[in-house]
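Enquirer: Pasting a predicted model and its sequence here:
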Amino acid sequence: MAFYRVYKAANHFNYFIRRFLVICKVFISQPKIFIQSVDFLPEFCRGFSIENRFDHVPTPNGNKMPDVSNPLWKYFAEYKTGPGVWKWNHYFEVYDRHFSKFRNQPLNFLEIGIYSGGSLPMWLSYFGDQCHVFGVDIEEACRCYESDRIRVFIGDQQDRSFWSRFCEAVPEIHVLVDDGGHTPEQQMVTLEEMLPRMPAGSVYVCEDTCGISNLFTAFATGLVHRLNGDSGQIHGVLGYTATGVQRAIHSIHFYPYMCVIEKHSFPPRTLEAPKHGTQWQPFL
Ligand SMILES: C[S@@+](CC[C@H](N)C(=O)[O-])C[C@H]1O[C@@H](n2cnc3c(N)ncnc32)[C@H](O)[C@@H]1O
């Protein structure tokens, strides 16, 4: 028991030192962004502490499951035997919300993390005949799930050169689901490599961003701050020329353990806030 406690303390100390070195590295390489982030800390802590404001919400007796009118949920709920599919129940509502517009359209769909292969035919069945499914996994054993409309690539999602090779073979991915190794570094490298290469209108999903101190979530909130930025180039009475991030990204959605990013179908040139009407209060 004492040995286990010492082992755990050593692990914590090791983690603390490694994180401290990462923090020093960012301070040296990006001092302006570092100071901005420190400035956010009080409000971050305030938001982080909000949980007790929701303590009054009663615990329900059971869960409201997704509706069977959600075809993906219907498939999963009725699927009992065959190659395994492993998903959180609450993901199915999110999938249908962001993916339904792609059904029965020409589509290249990529899932990172194949495991036992059952999710790949599930996506084919949901998206329809014009869909091509691509799967990526680090395990050679997953090659056996390849078929007519399912192509399997074996590689490490944290390896940037793997993504260059992948994109040479598959130039366009319209929907990407990252259900791979789930370490924040793997998730961040995959997003950095793939999101900029995905076409207008595409949707990017990162799954299993579990934990209140999840580092991928910290990374994605950095992207949210960029979405709220301004180019500094004034346009019209009240407006800005859109930044690169604002031209590319339509919206960023957070769900329990999941982050969804939608790219613009029609990138905006400007962000403007015109006033319509003739009667205005004098105070502003
Ligand atoms: C949670 S399972 C995927 C579950 C599957 N998508 C499903 O819905 O049933 C995670 C998979 O990611 C793979 N994986 C782990 N590390 C990876 C990496 N660095 N690159 C690519 N795949 C990885 C694992 O081999 C495993 O098959």
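Expert: Great, that's in hand. Residues are numbered from 1 along each chain as shown.
Enquirer: Spell out which parts of this structure neighbour the ligand.
Expert: Taking CB under 6 Å from any ligand atom as the test, the list of the chain residues beside the ligand reads 84-87, 111-115, 118-119, 136-139, 156-158, 179-181, 186. Placement of C-beta: from N, CA and C, glycine included.
Enquirer: Go ahead and build a PyMOL selection from the buried members of those residues.
Expert: Command for PyMOL that selects the buried part of the residues of the chain next to the ligand, burial taken from 16 or more other CB atoms under 10 Å:
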select buried, resi 85+87+111+112+113+114+115+118+119+136+137+138+156+157+158+179+180+181+186
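Enquirer: Mark which of the residues of the chain next to the ligand are part of helices, please.
Expert: Ser119, Gln186 (DSSP state H).
Enquirer: now Asp230: how far from Ile150?
Expert: Asp230 sits at a distance of 44 Å from Ile150 (criterion: CB to CB, to the nearest Å).
Enquirer: Compare the two (neighbour count), which wins?
Expert: Looking at Asp230 and Ile150 with other CB atoms under 10 Å, you find the greater number of neighbours at Ile150, namely 20 against 13.
Enquirer: Name the residues linked to that one by a beta bridge.
Expert: Using DSSP bridges, the beta-bridge partners of Ile150 come out as Val133, Ser147.
Enquirer: quick one: it and Leu120 touch, right?
Expert: Yes: with contact defined as CB atoms under 8 Å, Ile150 counts as touching Leu120 (5.0 Å).
Enquirer: re earlier: show me the residues of the chain next to the ligand that map onto strands.
Expert: When DSSP state E is applied, the residues of the chain next to the ligand are split such that Glu111, Ile112, Val136, Asp137 fall in strands.
Enquirer: of the residues you listed, closest to Pro171?
Expert: Here the nearest of those to Pro171, counting by CB to CB, is Val136; it sits at 15.5 Å.
Enquirer: mind listing what that closest one touches?
Expert: With contact set as CB atoms under 8 Å, 6 or more residues apart in numbering, Val136 has these partners: Leu110, Glu111, Ile112, Gly113, Ile114, Val152, Phe153, Ile154, Gly155, Gln157, Phe166, Gly180.
Enquirer: is it true that the second one touches Asp179?
Expert: Yes: between Glu111 and Asp179 there is a contact at 6.1 Å, judged by CB under 8 Å.
Enquirer: hey, what's in contact with both of these two?
Expert: Residues touching both Glu111 and Asp179 by CB under 8 Å, 6+ apart: Ser119.
Enquirer: Pro196 should be in a helix, yeah?
Expert: Yes: if the criterion is DSSP: H, G, I helix; E, B strand; the rest coil, then Pro196 is within a helix.
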